[in-house]
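J.: any chance you can model this:
(one chain, ligands or ions: 1)
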Amino acid sequence: MPDNDREEKGFRLLDCNEASKHHFERAANKLKLKREFRDWLRNPFREIYVHLPVMMDDGSLKMFEGFRVQHNNARGPYKGGTRYHPEVTLGDIRGLASWMTWKTALLGLPFGGAKGGVNCDAKNMSAAELERVTRKYTQAISADIGPYQDVPAPDVNTNENVMAWIMDEYSKLRGYSPAVVTGKPIDLGGSPGRIDATGRGVAYIVQQWALDNNIEMEKSGAVIQGFGNVGFHAAYHLDRLGCKVTAVSDTGGCIFKQEGLDVEAVYEHKEKTGSVKDFPGAETIDSEQIFSMDCDFLIPAALENAITKDNLGQIKTKAIFEAANGPTCPLVEPGLADKGITVVPDILTNSGGVVVSYFEWVQNLQQFTWSEDQVDSELQTKMKNAYRKVIDKAKEEKVNLRIAAYMIALEKVASAAKTRGVY
Ligand code: NAD
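T.: The predicted structure follows:
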């Protein structure tokens, strides 16, 4: 694929799978990987597609589609989240699964990459309906997951309750197995510090980048799109590190306060009303206006393709930290570079979740619990090391941070795959 996308392809949105391939090809070109080897690394090993008949609360029977894509396990068991979203497709899950392979490799975790999903509208379903969907889904994929095979985790619209149901259903079928899934409630073998790990990790990456770029956290401001698990915890930890969070958004609207928002109070407001909008003392504007806010750090923490040609012209920030997976349409990256905006890629920025998932898995296998301080200290070490490697690689190879991160990851996966052999 040519490097100058503006001329060759024009602007259009790429889905997760296309975006993942786009980044992969650039890194593979730099590494001069052979074509047949690229095909091996890029394509998923296994794709599971199931139909789930589920009884709804009103007595009707509804069919759902479920997916689990196992991309690569050269470096260890498959690992990756489970997304519940009415519009999720196999193509999205394919791309998200490959991102997990590169993420676990970049962070040096002994895992491969996978992702799962069900096309359900979790926000408009009762807890009992969600439980039935989750148990059906677990039964359908149970032969292909397991502590040393494939270990699911939370993602968009799935939480520790969903993980508890997966663990319980799998354990009924195969014997007590807490390590089959991560992101569980603490009293079922979850790890201290897992619930906020992704957002906490985002804050650590922002802090490192600020340090490198002579920005004082106490004088800085962040703007965050999405106020779910990742967005809220990123806001909370940035605030704790001294950075003002001046705007946050969700599907209901965007709130703005120049002096900085009280992040915990916004969370309570959202818990009560279902949205951040109309938070007292802040201005409520349209969700999409979040991208026109002047800030030091812009943090998309919602879904893919948030930053596109439609908002490229409005963006006024020093750096974008990809807390979501794939929030920057790859074809606008040259435009961001032209504006002098650094993009810190998702496979680094949001890796805190899978790092602490790894710690949870280790604790389950050892049947031993770590303290929250130990989890936090190990998380910081792993994230800072990965950040430094990406920065150094980018300088050495004269590439942007995303290509540098992919190059490190691809080299590791390629080396493991070659060493294990194909026969
Ligand atoms: P979540 O469901 O808890 O939260 C998503 C948030 O985004 C919600 O507040 C929702 O209202 C908001 N949102 C959706 N569309 C929006 C829009 N157009 N404008 C503004 N807000 C919008 O999901 P999450 O777990 O926080 O995941 C968010 C992203 O982070 C996803 O890309 C996910 O793959 C990625 N991620 C999550 C984890 C994790 O541990 N949960 C780990 C790594 C990456």
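J.: switch to C-alpha atoms for all contacts and neighbour counts from now on
T.: Will do.
J.: packing partners for the longest strand along the chain?
T.: The longest strand of the chain (DSSP state E) is strand 61-72. Using 3 or more C-alpha pairs under 8 Å, 6 or more residues apart in numbering; DSSP states H and E as the contact test, the elements touching strand 61-72 are strand 46-55, strand 78-84, helix 90-106, strand 113-118.
J.: so which of these is nearest Lys398?
T.: Among the helices and strands packed on strand 61-72, the nearest to Lys398 by C-alpha to C-alpha is helix 90-106 (18.4 Å).
J.: what's the closest one packed up against?
T.: By 3+ C-alpha pairs under 8 Å, 6+ apart, helix 90-106 packs against helix 16-31, strand 61-72, strand 78-84, strand 113-118, helix 346-349, helix 401-420.
J.: list the contacts of the fourth one.
T.: This points to strand 113-118. 64-73, 77-86, 88, 93-94, 96-102, 104, 137, 150, 152 (C-alpha atoms under 8 Å, 6 or more residues apart in numbering).
J.: how far off centre is stretch 15-23?
T.: 15 Å (C-alpha atoms, centre = their mean, to the nearest Å).
J.: that stretch near the ligand at all?
T.: No - applying C-alpha under 6 Å from any ligand atom, one finds stretch 15-23 separated from the ligand by no less than 10.4 Å.
J.: what's in contact with that stretch?
T.: Residues outside stretch 15-23 that contact it (C-alpha under 8 Å, 6+ apart): 1, 42, 91-96, 98-99, 304-305, 326, 329-330, 402-403, 406.
J.: stretch 339-353 too?
T.: So stretch 339-353 is contacted by 99-100, 102-104, 106-107, 194, 196-202, 205, 317-326, 336, 379, 383, 386-387, 401-402, 405 (C-alpha under 8 Å, 6+ apart).
J.: and for stretch 244-253?
T.: By C-alpha under 8 Å, 6+ apart, stretch 244-253 touches 218-228, 235, 238-239, 254-261, 263, 275-277, 284-287, 290, 293, 302.
J.: next, count neighbours for Pro185.
T.: 18 (other C-alpha atoms under 10 Å).
J.: look up phi and psi at the closest residue in space to it that isn't next to it in sequence.
T.: Residue nearest to Pro185 in three dimensions, not counting chain neighbours: Glu160, with 5.4 Å by C-alpha to C-alpha, 6 or more residues apart in numbering. Torsion angles at Glu160 (phi, psi; degrees, to the nearest 10) stand at phi -70, psi -30.
J.: ok, now how distant is Glu160 from Pro192?
T.: 12 Å (C-alpha to C-alpha, to the nearest Å).
J.: of those two, which one has the most company?
T.: Pro192 (22 against 19).
J.: what about the nearest residue to the more buried one once chain neighbours are set aside, neighbour count?
T.: Distances taken as C-alpha to C-alpha, 6+ apart put Glu372 closest to Pro192, at 5.1 Å, once the chain neighbours are dropped. For Glu372, the tally of surrounding residues (other C-alpha under 10 Å) stands at 13.
J.: narrow the contacts of stretch 15-23 to just the buried residues.
T.: Buried positions within the contacts of stretch 15-23, assessed by neighbour count (16 or more other C-alpha atoms under 10 Å), are 42, 92-96, 98-99, 304-305, 326, 329-330, 402-403, 406.
J.: if we can go back for a sec, out of the helices and strands packed on helix 90-106, which one sits most buried?
T.: Greatest average neighbour count among these goes to strand 113-118 (a mean of 30), per mean count of other C-alpha atoms under 10 Å.
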